[in-house]
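**Q** Have a look; sequence and predicted model below, questions after that.
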Amino acid sequence: MKKVLILTTAIAALVTLTACEPERGSKEWCEKMDDMPKGEWTMNDATDYTKYCVFNQKPEEK
């Protein structure tokens, strides 16, 4: 029973923390990327930053 409770708590924490990430291309995401050192960016981060934050393209609607 204790293992089930720990597993359930861990999954709930993971889902909660994952939901806090701003959507790629949003104003909040651009601000987050501005605060992050450029050396930590991936190639996809740099490409998306240029597309969404510099050229002001809107992310594709889902």
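**A** Yes, it's here.
**Q** Would you pull up how far stretch 24-41 lies from the middle of the chain?
**A** 9 Å (C-alpha atoms, centre = their mean, to the nearest Å).
**Q** Show the average pLDDT along that stretch.
**A** The pLDDT scores in stretch 24-41 average 96.
**Q** Pull out the buried residues from it.
**A** 25, 29-30, 33 (16 or more other C-beta atoms under 10 Å). C-beta: built from backbone N, CA, C; applies to glycine.
**Q** hey, C-alpha coordinates of that stretch in CSV?
**A** Taking Å, rounded to 0.1, in the frame of the first residue of the first chain, the C-alpha atoms of stretch 24-41 are listed here in CSV:
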residue,chain,number,x,y,z
ARG,A,24,6.9,27.4,-26.8
GLY,A,25,6.7,30.7,-28.7
SER,A,26,4.6,32.5,-26.0
LYS,A,27,5.6,35.8,-24.5
GLU,A,28,6.4,34.0,-21.2
TRP,A,29,8.6,31.5,-23.1
CYS,A,30,10.5,34.3,-24.8
GLU,A,31,11.1,36.0,-21.5
LYS,A,32,12.3,32.7,-20.0
MET,A,33,14.7,32.2,-22.8
ASP,A,34,16.0,35.8,-22.4
ASP,A,35,16.9,34.9,-18.8
MET,A,36,18.6,31.6,-19.7
PRO,A,37,22.3,31.6,-20.7
LYS,A,38,22.7,31.3,-24.4
GLY,A,39,25.2,28.5,-24.0
GLU,A,40,22.5,26.3,-22.5
TRP,A,41,20.1,26.6,-25.5
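**Q** what about the strands in the chain?
**A** For the chain, no strands are identified by DSSP state E.
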